[in-house]
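A.B. asks: Sequence and predicted model, in that order:
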Amino acid sequence: MSSTDGPTLTRAVLAWRQAIGSSSVSTEAEILKAAGTATFATRRQVLAILRPADRAQVQECVRIANQFRVPIYPISTGKNWGYGSRAPVDDGVLLDLGRLNRILDFDETLAYVTVEPGVTQKQLYEFLQARGSRLWMDATGASPECSIIGNTLERGFGHTPMGDHCNCVCGLEVVLSSGEILETGLARFPGAAAAPLNRWGVGPSLDGLFSQSNFGIVTRMSVWLMPAPEYFQAYYFQCNDADGVAGIIDALRPLRLDGTIRSTAHIGNDYKVLSSVRQYPWKEMNGKTPLDPTVKNDICRDLRIASWSGSGGLYGTRAQVRVARTRLRSALGGKVSRLVFVDDRRLRLMRRFATPFSLLTGWDVNRTIGLMLPLHGLLKGIPTEAPLASTYWRKKSPAPEDPDPDRDGCGLIWCSPVLPIAGTPAREVACLIHDVVLSHGFEPMMSFSLVSDRAIVCVATIGYDREVAGEDERAFECHRTLTRRLIDRGYPPYRLNVRSMNDLEDHTTYLAVLRSLKSALDPKGILAPGRYEPGSPADGVTDRPATLAG
Ligand SMILES: Cc1cc2nc3c(=O)[nH]c(=O)nc-3n(C[C@H](O)[C@H](O)[C@H](O)COP(=O)(O)OP(=O)(O)OC[C@H]3O[C@@H](n4cnc5c(N)ncnc54)[C@H](O)[C@@H]3O)c2cc1C
């Protein structure tokens, strides 16, 4: 329905230039190529990039897209690494919302903030710091430069009690394909005092329609914050039993269900932790891949990395944290080989005495603290760039000062099945990931995150070097096989990458409803065609190259 033929695109670009200014429209081949580059091979083209300055310009861009039937693909900061970065699902014009970066409202008492799509984790964190706020935000392990709204619209998650992001937002402002504005919840009533606080409003709730969809462009969202607790303590555990994850998860479930643990606990395997500590051991492996289990075990022993490592936070009054600590200790008793609790004071002391302690024991405490600091911060909603280095796992040169996995050919594809908080499914998923990923020649890195009281998101990492011939195809085949087999066993993914969004076989009624909604909200199909749209032309299936005429 939408069109990307050369002359039409040229006329549309002219109209966009007039509407938002030439300097806000890019058509240079090199810039477009970079924008279409992700951490895996994408075959779709970015035809131009629009950078509107405000909501009115977004509306204008959409009206022009509609007039010329040229597809536009909104991004907030475009750092959707491992799922497609900035690359669109189908050929289209990027609508980069990074310049809409205002914090529109903030209330210390009611603990919320209202932001535009360009507001980054870093910006919000610094905003709260500058005000001496007693509120904490949630942060993901992706870069501080990632968008709050972009992440939420992909249903991303972080580490604090507000870690399930879609659960902690409301009052969306959405530009529809017609250019009209829709406000969700109570926000549709001018001056509604509880608009940033009450999710459901009155009548059908529409918020959910705008995450993982292509029904509108979100230009505003209220995000709830948490009051800094009287006391915070992180817990870290290790388990040396390769099959130990099932028992740990069964032990944590009752604590998650009864509220003893209120935040996302993360449990990673040895491969995952290893990749966050160092790059691939090329020397030890004589340049061969994948990592030999014996070599892996030797390195892990030296680095004190156990088969499974877990972490999480306890939040509340001192008395509440004390009770939670006791319950956690007793639940994990016999299931983990090590369990430590670290608060800010203990961390300070560890830092002060790290060097003498290392000299005495030979254990590199400074390195342990260096690893712990970013994680400790994340549990308190402090964004960090540290995990980004792990995307350079299979690269032969170290991660640079300014890491950029898209630019540097870092291969990364996530596969993220959802499962119940229960040991048996966790064991099944872990075995499947292990076998499929290893058999395709990659290291089976994985983590289990208890994102809610009842469900786990497991994130399997397929990490590779895009500059090695054939790896892109092999990694994608691995992803495809793994996803299919996980779905067959009852573990569909919580999120998809731009090449897999159309792959899934879906229930016909679901599809029919989705299509009715799409044709009602975006009759010309100009908004992010293919995004979470099962059954639309899959990436690489059709070839419809488009360039600017002339
Ligand atoms: C090392 C590492 C660690 C990571 N850790 C995490 C983690 O802990 N948790 C997590 O969730 N992710 C994580 N990620 C994945 C990813 O990088 C983040 O989810 C990131 O926040 C997504 O990019 P973004 O914020 O720039 O969103 P964007 O890329 O801007 O947005 C994501 C998608 O949402 C849609 N969209 C964006 N804005 C709008 C809008 N305003 N209106 C309509 N649609 C829109 C677009 O389709 C876009 O492609 C990690 C990645 C890496 C490499």
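C.D. replies: Great, that's in hand.

A.B. asks: only C-alpha atoms for contact and neighbour calcs from this point on.
C.D. replies: Fine.

A.B. asks: Show me the contact partners of the helix or strand harbouring Val418.
C.D. replies: Secondary structure assignment for Val418, by DSSP states H and E: strand 418-420. Strand 418-420 has contacts (Cα atoms under 8 Å, 6 or more residues apart in numbering) with 425-426, 454-458, 491-494.

A.B. asks: same deal with stretch 114-128?
C.D. replies: 76-77, 97-106, 135-137, 139, 143-150, 196, 218-223, 382-383.

A.B. asks: Of those residues, which count as buried by neighbour count?
C.D. replies: Listed as buried from the contacts of stretch 114-128 are 76-77, 97-103, 106, 135-137, 139, 143-150, 196, 218-223, 382-383; burial here means 16 or more other Cα atoms under 10 Å.

A.B. asks: Of all residues in the stretch 151-300 of the chain, which one is closest to the ligand?
C.D. replies: Relative to the ligand, the nearest point of the stretch 151-300 of the chain is Gly156 (3.0 Å; Cα to the nearest ligand atom).

A.B. asks: count of residues packed around that residue?
C.D. replies: Other residues lying near Gly156 total 19 when counted by other Cα atoms under 10 Å.

A.B. asks: which phi and psi does the nearest residue to it once chain neighbours are set aside have?
C.D. replies: If the residues on either side of it in the chain are set aside, Gly156 comes closest to His165, at 6.3 Å by Cα to Cα, 6 or more residues apart in numbering. Note on His165: its backbone torsions stand at phi -60, psi -40 [degrees, to the nearest 10].

A.B. asks: among the contacts of stretch 114-128, which are in helices?
C.D. replies: Among the contacts of stretch 114-128, DSSP state H puts 148-150 in helices.

A.B. asks: Can you give me the neighbour number for Glu477?
C.D. replies: Using other Cα under 10 Å, the number of residues around Glu477 comes to 13.

A.B. asks: And the residue found closest to Pro417 once you drop the neighbours it is linked to in the chain, what's its pLDDT?
C.D. replies: Once flanking residues are discounted, Pro417 sits nearest to Pro493: 3.9 Å by Cα to Cα, 6+ apart. Here the pLDDT value assigned to Pro493 is 97.

A.B. asks: looking at it, Pro493 is touching Thr483, isn't it?
C.D. replies: Yes - using Cα atoms under 8 Å, Pro493 is in contact with Thr483, at 7.5 Å.

A.B. asks: Return every residue with contacts to both of the two.
C.D. replies: 415, 417.

A.B. asks: any weak-confidence spans in this structure?
C.D. replies: The chain contains residues with pLDDT under 70 at 1-4, 357, 359-363, 537-550.

A.B. asks: can you pull the buried residues of the strand or helix carrying Lys33?
C.D. replies: Per DSSP H and E: Lys33 is located in helix 29-35. Residues 32, 35 are the ones in helix 29-35 that count as buried (16+ other Cα under 10 Å).

A.B. asks: With stretch 325-344 instead?
C.D. replies: In stretch 325-344, counting by 16+ other Cα under 10 Å, buried: 325, 327-329, 331-332, 335-336, 339, 341-342.

A.B. asks: what about that stretch, how long is it end to end?
C.D. replies: 16 Å (Cα to Cα, to the nearest Å).

A.B. asks: Near the ligand, which residues of the stretch 151-300 of the chain? Just list them.
C.D. replies: 151, 153-154, 156-158, 216-219 (Cα under 6 Å from any ligand atom).

A.B. asks: Tell me the one among those nearest to Tyr83.
C.D. replies: Closest to Tyr83 out of those is Glu154 (9.8 Å), distances taken as Cα to Cα.

A.B. asks: Just say helix, strand or coil for the closest residue in space to that closest one that isn't next to it in sequence.
C.D. replies: Leaving aside its sequence neighbours, Glu154 sits nearest to Gln212 (Cα to Cα, 6+ apart; 5.4 Å). Three-state call for Gln212 (DSSP: H, G, I helix; E, B strand; the rest coil): coil.

A.B. asks: Which stretches in the stretch 201-350 of the chain count as helices?
C.D. replies: With DSSP state H, counting those that start in this stretch as the criterion, the stretch 201-350 of the chain has helices at 245-257, 270-277, 293-303, 318-332, 344-361.

A.B. asks: Can you check what angle separates the fourth one from helix 245-257?
C.D. replies: Spelled out, it's helix 318-332. Counting by axes from the mean of the first three to the mean of the last three Cα atoms, to 10 degrees, helix 318-332 lies at 150 degrees to helix 245-257.

A.B. asks: How about the last one?
C.D. replies: Between helix 344-361 and helix 245-257, the angle comes out at 160 degrees (the same axes, to 10 degrees).

A.B. asks: Flag every buried residue along whichever helix or strand comes after helix 344-361.
C.D. replies: Using DSSP H and E, the helix or strand that follows helix 344-361 in sequence is helix 365-378. For helix 365-378, burial by neighbour count (16+ other Cα under 10 Å) applies to 365-366, 369, 371-372, 374-378.

A.B. asks: what residues are up against the residue nearest the centre of the chain?
C.D. replies: Using Cα atoms, centre = their mean, the residue of the chain that lies closest to the mean C-alpha position is Gly156, 4.6 Å off. Residues counted as contacts of Gly156 (Cα under 8 Å, 6+ apart) are 140, 164-166.

A.B. asks: what sits up against the longest strand along the chain?
C.D. replies: What stands out as the longest strand in the chain, according to DSSP state E, is strand 455-465. Contacts of strand 455-465 with the rest of the structure, by Cα under 8 Å, 6+ apart, involve 391-395, 409-421, 433, 437, 442-451, 471, 475, 479, 494.

A.B. asks: out of those residues, which are inside strands?
C.D. replies: Filtering the contacts of strand 455-465 for strands - DSSP E - leaves 410-415, 418-420, 445-449.

A.B. asks: And those residues, which two are furthest apart?
C.D. replies: Across those (Cα to Cα), the longest gap, 31.6 Å, separates Cys410 and Pro420.

A.B. asks: More neighbours: which of these two?
C.D. replies: In this view Cys410 and Pro420 are compared by other Cα under 10 Å, and Cys410 has more residues nearby, 26 against 18.

A.B. asks: Run through the bridge partners of the more buried one.
C.D. replies: Cys410 has these beta-bridge partners by DSSP bridges: Asp465.

A.B. asks: Please name the residues that touch it.
C.D. replies: Contacts of Cys410 by Cα under 8 Å, 6+ apart are 39, 391-392, 394-395, 463-466.
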